[in-house]
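Asker: Predicted coordinates and the sequence they were generated for:
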Amino acid sequence: MKKLPGVEIPKNVQKAFEGRNTTESNQLTALLKQPLGPNNYQTKYRTLLYLEQCQEEIDIQSFDMRAVKLQRSGQSLVLHVPGLAESRPSVLPGDQLYVSSDRNPREYGGQVHQVQNESVLLKFPGKFHSNHHDSTLYNVRFSLRAMQLKLQLGAVNNVQQTAPPWVLFPREPPNSLLQRDSSNRRATNGLNAEQLEAVARAMEAKSVPYILFGPPGTGKSRTLVHYVVQ
């Protein structure tokens, strides 16, 4: 198993994003304007992921909270988070939130171990928990999940070594993919008329990729499974 890459944003990308270096900004702009191809696939997608991370670090600051209370609940502290039910912000078990107070600017990390409708249950180091008073006002800082970016960067780094070139940049599919024997097609039970038509059109397509589009809940996954079975 390969070790996942680090998530530290390269300095040149950070400077370009912040507009602190015109040369770096021009170089990144030129890179992003290049047509995507095998030679720039990794560099371009890594850059896009880093730029997205830069923006997300700014966006998540809008959810930071000031002068809020934590309520003791057994071995946990409960934080009320407005907008949590709409995933604004998105908080999952295992995430880290950081709290400090005006009296003590030192930040303490609390791990989310349960997410409720409008609140999260946090566990802090024992000393912080034992010294906590429900009347204390805290400042709360939300943080991004490093694992998500690690997985994305790992996929970008490995895909060209694990996937055939025609998967990423299809021109003509292998002959085996073009061999369609209608007599060997399996039953498509459970599909409606539109889904059956989508399968039929995909089977008749003369090139790949074939794009299957539809709003949520229209059965794209079911249709795709039936297409694969064919």
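Answerer: Done, it's in.
Asker: For the chain, name the helix or strand with the lowest mean pLDDT.
Answerer: Sorting the helices and strands of the chain by mean pLDDT, DSSP states H and E puts helix 175-178 at the bottom, at a mean of 47.
Asker: Sketch out the low-pLDDT regions of the protein for me.
Answerer: By pLDDT under 70, the weakly predicted segments of the chain are 1-2, 171-189, 207-209.
Asker: Show me which helix runs longest in it.
Answerer: helix 41-59 (DSSP state H).
Asker: Could you identify the helix or strand that succeeds it?
Answerer: strand 65-73 (DSSP states H and E).
Asker: residue ranges of the strands in this structure, please?
Answerer: 65-73, 76-80, 96-100, 108-115, 119-123, 137-142 (DSSP state E).
Asker: what residue lies at the spatial centre of this protein?
Answerer: Geometric centre of the chain, nearest residue: Q148, 5.6 Å, by CA atoms, centre = their mean.
Asker: Look up how far T22 lies from A16.
Answerer: Using CB to CB, to the nearest Å, one gets 9 Å for the distance from A16 to T22. Yep, even glycine has a C-beta here, placed from its N, CA and C like the rest.
Asker: And those two? Which one has more around it.
Answerer: Neighbour count, other CB atoms under 10 Å: between A16 and T22, A16 has more, with 24 against 10.
Asker: Could you list the residues in contact with stretch 136-145?
Answerer: With CB atoms under 8 Å, 6 or more residues apart in numbering as the test, stretch 136-145 has contacts from 53, 56-57, 60-61, 63-70, 79, 89, 91-92, 95-102, 107.
Asker: Skipping its backbone neighbours, what lies nearest Q75 in space?
Answerer: Leaving aside its sequence neighbours, Q75 sits nearest to K123 (CB to CB, 6 or more residues apart in numbering; 6.8 Å).
Asker: which residues does the one you found bridge with?
Answerer: Q111 (DSSP bridges).
Asker: residues touching it, list them.
Answerer: 75-77, 110-111, 113, 129.
Asker: what does P165 give?
Answerer: Applying CB under 8 Å, 6+ apart to P165 gives the contacts P38.
Asker: Could you measure from it over to Y210?
Answerer: Taking CB to CB, one finds P165 at 19 Å from Y210.
Asker: and if you look at P10?
Answerer: 36 Å.
Asker: isn't K15 right next to N21, touching?
Answerer: Yes. The criterion here is CB atoms under 8 Å, and K15 meets it with N21 at 4.1 Å.
Asker: overlap in contacts of the two?
Answerer: With CB under 8 Å, 6+ apart as the test, K15 and N21 reach no residue in common.
Asker: roughly how far apart are the residue nearest to the centre of the chain and V7?
Answerer: Distance from Q148 to V7, by CB to CB: 9 Å.
Asker: ok, back up a step: among the contacts of K123, find me the one that's closest to Q195.
Answerer: Q195 lies nearest to H113 out of those, by CB to CB, at 41.4 Å.
Asker: residues contacting that closest one?
Answerer: Per CB under 8 Å, 6+ apart, neighbours of H113: 76, 93-94, 121-123.
Asker: if we go to 10 Å?
Answerer: 75-76, 93-95, 120-123 (CB atoms under 10 Å, 6 or more residues apart in numbering).
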